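[1] fold the following.
(chains A and B, ligands or ions: 1)
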Amino acid sequence: MNIVVCVKHVPKCAEAEIRIDPTGRDIEKHGLVYDINEWDDYAVEEAVRIKEKFGGSVTVVTVGPEEANSTLRKCLARGADNAIRVYDPKLVGSDPYVIAKVLYKVIKNLQFDLVLTGVMAEDDGSATVGPMLAEFLKIPHATMVKKIELKDHKAAIVHRELEGGLMEVVEVKLPALFAIQTGINEPRYVSILGIRRAMQKEIKVLGLKDLSLDESEVGYAGSWTLIDKLFVPPAEKVCQYLKGSPEEVATQILGILKSRGLF
Amino acid sequence: MPLDFYMVDELLSEEERLIRDTVRSFLRKEIAPLVVDAWHKEEPLDVRMIAKKFGELGMLGSFIPQDYGCPGMNYTSFGLICQEVESIDSALRSFVAVTSGLVMYPIWQYGSEEQKRKYLPKLARGEIIGCFGMTEPNVGSDPASMETTAKRQGGEWILNGTKTWISEAGVADIAIVWAKDVEDKKVKGFIVERGTPGFEQTSIIKKGSMRAGDVGELHLSDCKVPEENRLPKATGLRAALSCLDQARFGIAWGAIGAAIDCYKTALEYAKNRKQFGAPIASYQLIQEKLVEMLTEITKGQLVAWRLGRLMDAGKATPEQISFAKRNNVRVARFCARTAREILGANGISLDYSPIRHMANIESVYTYEGTDDIHTLILGRYITGIQAFRREM
Ligand SMILES: Cc1cc2nc3c(=O)[nH]c(=O)nc-3n(C[C@H](O)[C@H](O)[C@H](O)COP(=O)(O)OP(=O)(O)OC[C@H]3O[C@@H](n4cnc5c(N)ncnc54)[C@H](O)[C@@H]3O)c2cc1C
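    Okay, here's the model as predicted:
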């Protein structure tokens, strides 16, 4: 089972104080901590587990500057075999469509049975790269994947997590792309020895030429969508009364905290 | 957000940063939630469980070569591990520094090949716990006056004495015990295993500091230890003191971790706490306190970093290590107290970390050479005159 996992090096915004930069289209990146996108962390772990069970290899791919190497190193330390990073200064401003196209150009030259991505990225939350990449690759895809059962090398049964706690089970022909939901597994902690080994592995760096991409196809020029404006909405004060027995109210409070990512 | 005002991160290698980040996220998720209750009830954290987890990550004996089942990292990485661990609780850093610097290091440096093969991999994996017995009821800062004795009898040594204030004494599977040979009056090191007849281990309770960790006593009464368990290359007190340098190095980094945690807690609090109609962070007196903390922490980070590089190059002197231990523990003590102050009444609640760090740091200030002793070490270095003992 050869698996390609697409990973993104993202600023950890959840606990940070976010400021809008002078362009009004991006956030102030200075001082933010970067790490692997949370969803991708689960995707890499899932890929490594599949590899451990069925053999094969795991290749991680990212589009990003040199700093993104640390995310790739973590993947290698966790058990990925190969790492590829695509970068060109002209890629700045690329929308999800361009990113999917760039990833496609990399992955079409690789041997794969499965492509895994996270459901979405923490920073832009677009949740579109996975499905678009699948379309570029002309392979089936499933999103919100919370469980993967491989029947053989020809098909997989995947469980998709829907709203309201529903689970949908679908059979998908391989090769396929699955966008992985958090909680599909419990990502292992990388050991220091694992990091040492990962530091010795090569990270292959590709530029636009290597992928026969023209400058006009990427960045702002190649994007189908452009960010018009980014702003922090004014805080609204809302008061919500919870009714019911103490137990019911407690359950509701827990639900609210969870939905806001506070618990 | 990490506190890195002088961009010390840029002075670290990618590998070092990755190790630090991995250790950090592991500790935050798995260990941090357990600390406050353990501290409050003085029910020390389950060090066996923690040792296994730390061992799996490679956090124990991280600077010892891979031949012995350790990660074979540099000292700076060891320092970074200590920093992250102590930002959670000093007792955990005690455990890491004692295991790495005071138990594994002496076995690695002064042990026989058989001892290294027998103990180091297990200690690295956290399968067994070690402790280091030097301090005695009558002997603290002046270990040369050690009263514990060792007497050779055929293929065995008979140990007698009491060691007190020993981290992990109650739980340890092996103790590195230092004792004076009655024949040649030299200090020798022994590996004493739990359960050896004449060897008793107890825990000290009602502590006002390091309540999340175990500290206790080792009692040796006609305790027979085979010659194979003597550290053959430890031929005097110098060997024991060289171990302290390792652990002191860990403290120099760890203290900064505690200081940063206090600073961050205070900053966050000051921005949110409103008095007289505005956040207290908007008042000059509070700002000055925050600036002092930031300044001291930043200087301490640079000292720790530089010392790491000197250790890695094999050039660090005991005086330089004393300097870093002394300075950085002072920084932590100052920051803990100042943060406590900024938090007002909440500052004395265990719901916030500063009061816990503040109490813990009192131990750190005293162990591994008290602040006074490091002052004297540096004083001797500067003047060439020792001021430890009266007779010159
Ligand atoms: C939580 C904790 C864990 C510990 N873990 C260990 C361990 O694992 N292994 C171990 O062996 N020990 C351990 N210790 C013991 C520690 O190393 C000693 O407490 C320390 O060395 C100081 O010794 P003392 O307490 O006997 O103080 P003393 O040496 O009696 O000192 C008392 C005071 O006198 C001052 N003083 C002493 N001599 C001089 C001098 N010449 N000039 C000026 N002032 C002086 C000291 O600075 C101090 O303020 C631990 C202690 C604590 C609190």
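
[2] look up how far A:I253 lies from A:Q240.
    Going from A:Q240 to A:I253 by CB to CB, to the nearest Å gives 10 Å. For glycine as for every other residue, the C-beta is placed from the backbone atoms N, C-alpha and C.

[3] can you pull the contacts of A:A134?
    Taking CB atoms under 8 Å, 6 or more residues apart in numbering or on different chains, we find A:A134 in contact with A:V115, A:P140, A:H141, A:A176, A:L177.

[4] separation between the fourth one and B:R306?
    As for A:A176, its distance to B:R306 is 53 Å (criterion: CB to CB).

[5] just the third one next, same as before
    Going from A:H141 to B:R306 by CB to CB gives 52 Å.

[6] ok, the first one next?
    Taken as CB to CB, the spacing of A:V115 relative to B:R306 amounts to 46 Å.

[7] wait, isn't A:K173 in contact with A:D152?
    No - assessed by CB atoms under 8 Å, A:K173 is found out of contact with A:D152, at 11.2 Å.

[8] pLDDT value on the nearest residue to B:V98 once chain neighbours are set aside, please?
    Spatial nearest neighbour of B:V98, excluding adjacent residues (CB to CB, 6 or more residues apart in numbering or on different chains): B:S167 at 4.9 Å. With respect to pLDDT, B:S167 scores 98.

[9] pretty sure A:K8 is touching A:N37, no?
    Yes - in this structure A:K8 lies within contact range of A:N37 using CB under 8 Å: 4.4 Å.

[10] so where does the closest residue in space to A:G118 that isn't next to it in sequence fall, helix or strand?
    Once flanking residues are discounted, A:G118 sits nearest to A:W39: 2.5 Å by CB to CB, 6+ apart. A:W39 is part of helix A:38-54 when elements are defined by DSSP states H and E.

[11] mind listing what the helix or strand that that helix is followed by pairs with, with the direction of each?
    The C-terminal neighbour of helix A:38-54 among helices and strands, as given by DSSP H and E, is strand A:57-63. Looking at strand A:57-63 with DSSP bridges, its partner strands are strand A:2-6 (parallel), strand A:82-86 (parallel).

[12] now do the buried residues in strand A:57-63.
    In terms of neighbour count (16 or more other CB atoms under 10 Å in any protein chain shown), strand A:57-63 has its buried residues at A:S57, A:V58, A:T59, A:V60, A:V61, A:T62, A:V63.

[13] quick check: B:I321 vs B:G308, distance?
    11 Å.

[14] helix, strand or coil for B:F132?
    Of the three states, B:F132 takes strand under DSSP: H, G, I helix; E, B strand; the rest coil.

[15] from B:A124, how far off is the residue in the stretch 101-250 of chain A that the ligand sits nearest to?
    Proximity to the ligand, evaluated over the stretch 101-250 of chain A using CB to the nearest ligand atom, is greatest for A:I192 at 24.2 Å. A:I192 sits 11 Å away from B:A124, going by CB to CB.

[16] give me the more crowded residue out of the two.
    B:A124 (26 against 23; other CB atoms under 10 Å in any protein chain shown).

[17] doesn't the more buried one lie inside a helix?
    Yes - the assignment for B:A124 (three-state DSSP) places it in a helix.

[18] what does the pLDDT read for it?
    pLDDT, B:A124: 98.

[19] that one touches B:W108, doesn't it?
    No - B:A124 is not in contact with B:W108 according to CB under 8 Å; the separation is 10.5 Å.

[20] now the common contact residues for those two.
    Both B:A124 and B:W108 are contacted by B:G61, B:I64, B:Y68, under the criterion CB under 8 Å, 6+ apart.

[21] near the ligand at all, stretch B:145-152?
    No - using CB under 6 Å from any ligand atom, stretch B:145-152 never reaches the ligand; the gap is at least 10.1 Å.

[22] so, low pLDDT: which residues of the stretch 1-150 of chain B?
    B:1 (pLDDT under 70).

[23] quick one: A:I227 from chain B, how far?
    24 Å (CB to the nearest CB, to the nearest Å).

[24] that residue and A:G24: what is the separation?
    Relative to A:G24, and taking CB to CB, A:I227 is found at 9 Å.

[25] joint contacts of those two?
    Joint contacts of A:I227 and A:G24 (CB under 8 Å, 6+ apart) do not exist.

[26] higher neighbour count, those two?
    A:I227 (14 against 11).

[27] report the contact partners of the more buried one.
    A:R25, A:D26.

[28] can I get stretch B:173-182 in CSV, CA atoms only?
    Taking Å, rounded to 0.1, in the frame of the first residue of the first chain, the C-alpha atoms of stretch B:173-182 are listed here in CSV:
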residue,chain,number,x,y,z
ASP,B,173,14.9,0.5,42.3
ILE,B,174,18.6,1.4,42.5
ALA,B,175,20.5,4.0,44.5
ILE,B,176,23.9,5.4,43.7
VAL,B,177,25.2,5.7,47.2
TRP,B,178,28.4,7.6,48.0
ALA,B,179,30.4,6.4,51.1
LYS,B,180,33.8,6.8,52.6
ASP,B,181,36.1,3.9,52.5
VAL,B,182,37.3,3.4,56.1
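
[29] what comes up buried for it?
    Quick answer for stretch B:173-182 (16+ other CB under 10 Å): B:D173, B:I174, B:A175, B:I176, B:V177, B:W178, B:A179, B:K180, B:D181.

[30] which of A:Q240 and A:I253 has more neighbours?
    A:I253 (12 against 6).

[31] just checking, that one touches A:L242?
    Yes - applying CB under 8 Å as the test, A:I253 and A:L242 come out as touching, 6.8 Å apart.

[32] so between A:A176 and B:R306, which is more surrounded?
    Shown here are A:A176 and B:R306; by other CB under 10 Å, A:A176 has more neighbours (21 against 15).

[33] show the backbone phi and psi for the more buried one.
    Per-residue torsions, A:A176: phi -150, psi 170 (degrees, to the nearest 10).

[34] which residues touch it?
    A:L114, A:V115, A:A134, A:I139, A:P140, A:H141, A:A142, A:A156.

[35] the same query, at a cut-off of 10 Å, please.
    By CB atoms under 10 Å, 6 or more residues apart in numbering or on different chains, the residues touching A:A176 are A:112-116, A:134, A:137, A:139-142, A:148, A:155-156, A:158.

[36] burial count for the residue in the stretch 51-200 of chain B positioned nearest to the ligand?
    Using CB to the nearest ligand atom, the closest approach of the stretch 51-200 of chain B to the ligand is made by B:G140 at 1.8 Å. Around B:G140 there are 17 other residues, counting by other CB under 10 Å.
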